[in-house]
Every structure is written in structure tokens, then in C-alpha cells.
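Asks: Starting from these lines, generate the structure:
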Amino acid sequence: WSLLCMTTLLLSSIQLTIATAESNDNTTTNNKKDHLSAGKLRQLAETALMERKFTDAESYYRQAIALEPTNSANHYKLFNLHKRMRSYSDALGDITTACQ
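Replies: Next up is the predicted model:
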């Protein structure tokens, strides 16, 4: 229960951060054709998530985080995935990182 309460409080505090991070998504570019941008990786993760391919979605989100480690939106989306997978300890780590 305390995890749920803490998560709810943290979610409301990072909504502005996520909106700002997602608005900066279009500024992420990569000139190499062999590499995907963080935005494209997030799109692939969302598609995998809709197809219930949770392992693939997690991999795409982690790749996006590697490209944009300070983008809270990446950590927040990984938090939602882990929450959906009922991996609460991982979810707690993700939301903590998103709030830093």
C-alpha cells in the first residue's frame, strides 16, 4: 500500500517534467543510419507494449535511456511497463530515477 501511495505522489510531481521531456523529443537526432533515435526507440517500445511483447518493450526503453539518460519520460515509461509486469521493485527504481 505504501508503494502505491508513494507512486501516486511521485507521478503527480513528475507530470510537468514528462511534458517538457516529450516536447524536446523532436530535438533528438542521430545522423547515423544504423542507429535509432530515442524517439524511434520509444515508438518501437509502445508498439511492442501494445502487442504484449514486454521483454522487447523493456529492451527498447532501456536503449532509449542509454541515449537520453536524463530524460525523465524514458524512466517514467519504463516504470509503467514494470508496473504492468508487476515487477514492483524495478518500478520503484524507475520512478525514483525519473524524479531525480
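Asks: On the C-terminal side of the lowest-mean-pLDDT helix or strand in the chain, identify the next helix or strand.
Replies: When each helix and strand of the chain is scored by mean pLDDT, DSSP states H and E, helix 2-23 comes last, with a mean of 55. For helix 2-23, the following helix or strand on the C-terminal side (DSSP states H and E) is helix 38-50.
Asks: May I see the buried residues of that next one?
Replies: By 16 or more other CB atoms under 10 Å, the buried positions in helix 38-50 come out as 38-42, 44-45, 48-49. Any C-beta I mention is one placed from the backbone N, CA and C, and that applies to glycine too.
Asks: again with stretch 65-75
Replies: Applying 16+ other CB under 10 Å to stretch 65-75 flags 65, 67-68, 71-75 as buried.
Asks: unless I'm mixing things up, Leu44 is touching Tyr60, no?
Replies: Yes: counting by CB atoms under 8 Å, Tyr60 is a contact partner of Leu44 at 4.6 Å.
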